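In: sequence first, predicted coordinates after that:
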Amino acid sequence: MNYSVVGEAADTSILNKSNLIKSADSWRIGTFAIALVALLPVLAILWLAVFPTENIWPHLISTSLPRYLQNTILLMLGVGVSVFLTGVSTAYFVSHYEFPLRKYFEWLLLLPLAFPAYVIAYMYTDLLEFAGPIQHSVRELFGWQLASDYWFPNVRSMGGAIMLMGLVLYPYVYLMARASFIEQSSYLSDVSRLMGRNQFKTFMFVSLPIARPAIAIGVALALMETLNDFGTVDFFSIHTLTAGLYDVWLNMGNLGGAAQIASVMLFFVIILLALEFAGRRRSRFYQSATRYMRKQRISLQGKYKWLAFIICAAPVLFGFVVPLAMLLNYAIRYFEQSWNPGFRSYTFNSIFVSVCAALICISLAVMVCYARRLHKDTMTGIAARIASLGYAMPGAVLAVGVVIPLASFDNAVDSFFRQHFGFSSGLLLTGTTFALIMTYTIRFMAISIGSVESSMSKISESVDMAARTLGHPTFRTLRLFHLPLLKGGILTAALIVFVDCMKELPATLLLRPFNFDTLATHVYQFASDEMIGQSALGSLVIVLSGLLPIILLSRTISDTQQLDLDNFPDK
Amino acid sequence: MSAPLKVDRISCRYENESAVNHASFEMASGDLACLLGPSGCGKTTVLRAIAGFQPLIQGAIYLDGRCISSTSTVVAPEHRNMGMVFQDHALFPHMTVGRNVSAGLFRHSAADARRIVGEMLERVRLGDKINKYPHELSGGQQQRVALARALAPSPGLLLMDEPFSNLDVDLRERLGQEVRELLKDIGTTCVLVTHDQQDAFTFSDKVGVMRDGHIEQWDQPYNLYHEPASVFVANFVGDGVFLDGTIASSSEVKTELGLHSGDLVTDLPVGTQVDLLVRPDDVIHDDNSSQSAKILKRSFRGESYLYTLLLPSGGKVLSLVPSHHDHAIGEDLGIRMEIDHLIVYPKDGPTCPLD
């Protein structure tokens, strides 16, 4: 077609030469670039796993890999069962029944989420080990002297790891299950009761199956965190895949071997992602209640009332109150020793890298979400999905994946400089906070994309069209008519990303520059040296900052009956 | 500033679904036109294409003789000088009424912008609301602000997407009239999209009835009702039924209810079996008539009853009767036929327009 433009022909800037150029505008190109960067670690891992410089597959398979696999599977199974039981039972009671303090439990039950698993592991080990206060009092009480005089469960074991991780990860399941129970129209359970099923059977046959997709999402998210954990399994000397990856990389210096273990972990990631996606797809059908009837909560009486109370109080007590009390106690007792220039510099480092990552995450998220809004085609959609897949990847796996391409870049630049200028450029990217911030960004991008997407979806598309027809180009439309309305979502996203970066341990340990410590690595270092007291102040700062998004989340819980699942932290 | 519009055989598709198929129409400067059709017929897509949000896979769109969209050239929406009004009003919630209306006036000086905002708000009778926020206004007021905002930059063309659908029945008709008068006064060319024929008839000079992505008939509202160009238009616009008939002469059609004479526009030869469109207002209640039919159903419409009548042959017709003629179901009702426009379609033929 050769339609030419009459009239303002001089203003050629208003014309795009073809649809092809139009469809490849900068928003879209940016989104594809972000997706590519997010995909790079996976590709790098697969590349190095298939073509390693030094093949340790046979060695791995014949020695440690079966043990790593067995421990990982056992840990994930255990944590899965634990978070399922705790999360579903607490959600069931707070959404179906009335009992003492129920209203407070709705948000109190979220608090353990503020504790990174490794911090709670340090606290409970200290509390329950031979020299700890509990065993000490037991010995006092019965007059025992030696460990061989009595039996006491060992915290630093698989069972201990399962219990402790379950204690801080169940809120994922609780949140999803509670939302699903609340969204279910009471007509559904009414029908079941009318057909003669009692309350418990109705729960088993109606409420639970309907909530199953939502629960699956919660369990998948909790297990992603389990797979991600390094602090706890390292402290408890449980050889999971993550622990093995560290061993191979840091102790043996074999990056190829680390990539091979990482590729095995990717397999778990795919299973968990599939579980989560299946849940999300199905929950769309399951919760399309057209006529919603709010449930009347049943007042529990007598011993049932206290049973419900205990079931909800226990996770809060052991997952939050006890460890927080211990932390506070230690932090105060060791304050003089802990509050020193070193500590202040770790805090500054933590805040610096976390703020950088949060700012980058939200900027990229706004770009991706707006590109998605301008271009409804499948390719842009897929790119946006890929850009937000990092949350499922364990930090250690991402770290390996990020280091491989960055290191080859560094090496290429270095050899170029040596050849042509006769000096070494050193480690430009791998040895700096760049690698760290890049990894954080990839890992936590999903949070910012989810939050910005949900805020943006509340702006009617006709607002965009109105702005455009009034003469505002895309960027100005975004700046004048979207950003002011997205402020809330952007702040929430920035806060959650910030806190997650503050807590992040596995990738930070692997990627931090020489002599660079964050609060998390500082806590890890001291705890590994059995100096729990000195590490408490750092842990306390991490936990307190972790409380911020939870307070935000609990506000949405109490303000509205329905939970805004997109503002779910860590997702 | 107002400009003529030409939509020339455009086609659009979403992913792999065709949404608009060879749609064409033309409007003179200052015309008010409407695209009418059921949901999913492609009318909003045509509007989006005119605004520049929807790429074309065929055809072209010209504003004021200048090509603004073709398969090879697309002028960005922000450079088209068009105004747009939406069903959900789409006011910027974080801006006052005054700032909303001035949103498109960024090329004007501050003083000019202030003057235009004042004038526009006076025109839509909201001069006192300039410092209010959108959520403080009623639905009708919000829609008038949206209109003022769209008209403030003196657009060459105004596009309205179901602008009255969110308003209650009483208000929508009044606002429809008001908007029509305002646009006529300013002389703005306007395309409105709606699924509601009442909106279309109140507002427009010309109506295009759309179906499956193309325009079945582009005509004045009166002609759409009385001379529908296709069975689809006849069915979609107004009530009515088809009676079996035969063409008797160049101005007569014979059915079981007798010989009907009137304006007959058709190329079909005498003797052809046809379907004759019978509107409820073509069937007049007359107790003195020799013809009668049995009342099968009736629905009360306030000022009138719409009776469904069973003819001896088993065919049915509708009759609109003032509601003081209160007859029970099963009674026989005396009827007389008065059909001015004889609309016929060849029997069992394709439901194609007469052209």
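Out: Looks like it came in fine.
In: show me which positions of the helix or strand harbouring B:Glu119 end up buried.
Out: Per DSSP states H and E: B:Glu119 is located in helix B:110-123. Across helix B:110-123, burial judged by 16 or more other CB atoms under 10 Å in any protein chain shown covers B:113, B:116-117, B:120-121, B:123. For every residue, glycine as well, the C-beta is placed using N, CA and C.
In: report whether it contacts chain A.
Out: No - using CB under 8 Å from any CB of the partner chain, helix B:110-123 never reaches chain A; the gap is at least 12.3 Å.
In: next SSE after that helix?
Out: Downstream of helix B:110-123, the next assigned helix or strand under DSSP H and E is helix B:139-151.
In: quick one: contacts of that next one?
Out: Here helix B:139-151 makes contact (CB atoms under 8 Å, 6 or more residues apart in numbering or on different chains) with A:466, A:469-470, B:83-86, B:89-91, B:97, B:100-101, B:103-104, B:117, B:120-121, B:123-126, B:129, B:134, B:137, B:158, B:163-164, B:166-167, B:171, B:175, B:179, B:182, B:186, B:188.
In: quote the end-to-end distance of stretch A:465-478.
Out: In stretch A:465-478, first residue to last residue: 12 Å (CA to CA, to the nearest Å).
In: circling back to that earlier point, and for the helix holding B:Glu119, what's in contact with it?
Out: B:97-98, B:101-102, B:105-106, B:108, B:127, B:129-130, B:145, B:148-149, B:151-152, B:182.
In: same check on stretch B:88-98?
Out: Contacts for stretch B:88-98 (CB under 8 Å, 6+ apart): A:460, A:462-463, A:465-467, A:481, A:484-485, B:99-100, B:103, B:117, B:121, B:126, B:129-135, B:137, B:139, B:142-143, B:145-146, B:149, B:166.
In: buried subset of the contacts of helix B:139-151, written for PyMOL?
Out: Restricted to buried positions by 16+ other CB under 10 Å, the PyMOL selection for the contacts of helix B:139-151 reads:
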select buried, (chain A and resi 466+469+470) or (chain B and resi 83+84+85+86+89+90+91+97+100+101+103+104+117+120+121+123+124+126+129+134+137+158+163+164+166+167+175+179+182+186+188)
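In: which members of the contacts of helix B:139-151 occur in strands, if any?
Out: B:83-85, B:158 (DSSP state E).
In: out of these, which are close to chain A?
Out: B:83-84.
In: and which of the ones in strands among the contacts of helix B:139-151 is nearest A:Gly450?
Out: B:Met84 (30.4 Å; CB to CB).
In: ok, the closest one touching B:Pro163?
Out: No - using CB atoms under 8 Å as the test, B:Met84 is too far from B:Pro163 to be in contact (9.8 Å).
In: joint contacts of the two?
Out: With CB under 8 Å, 6+ apart, B:Met84 and B:Pro163 have no common neighbours.
In: on that earlier part again, buried subset of the contacts of helix B:110-123?
Out: Looks like the contacts of helix B:110-123 have B:97-98, B:101-102, B:105, B:108, B:129-130, B:145, B:148-149, B:151-152, B:182 buried, using 16+ other CB under 10 Å.
In: please tabulate the residues you listed in CSV, including the columns pLDDT.
Out: Shown next, in CSV, are the buried ones among the contacts of helix B:110-123 (pLDDT from 0 to 100):
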residue, pLDDT
B:Val97, 96
B:Gly98, 95
B:Val101, 95
B:Ser102, 94
B:Leu105, 93
B:His108, 92
B:Lys129, 93
B:Ile130, 94
B:Val145, 95
B:Ala148, 95
B:Arg149, 95
B:Leu151, 93
B:Ala152, 94
B:Leu182, 92
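In: element containing the residue nearest to A:Ile360 when sequence neighbours are not counted, please.
Out: Nearest non-adjacent residue to A:Ile360, counting by CB to CB, 6 or more residues apart in numbering or on different chains: A:Thr441, 5.0 Å away. For A:Thr441, the host element (DSSP H and E) is helix A:433-457.
In: show me where pLDDT drops low in the stretch 251-355 of chain B?
Out: Low-confidence segments of the stretch 251-355 of chain B, defined by pLDDT under 70: B:348-355.
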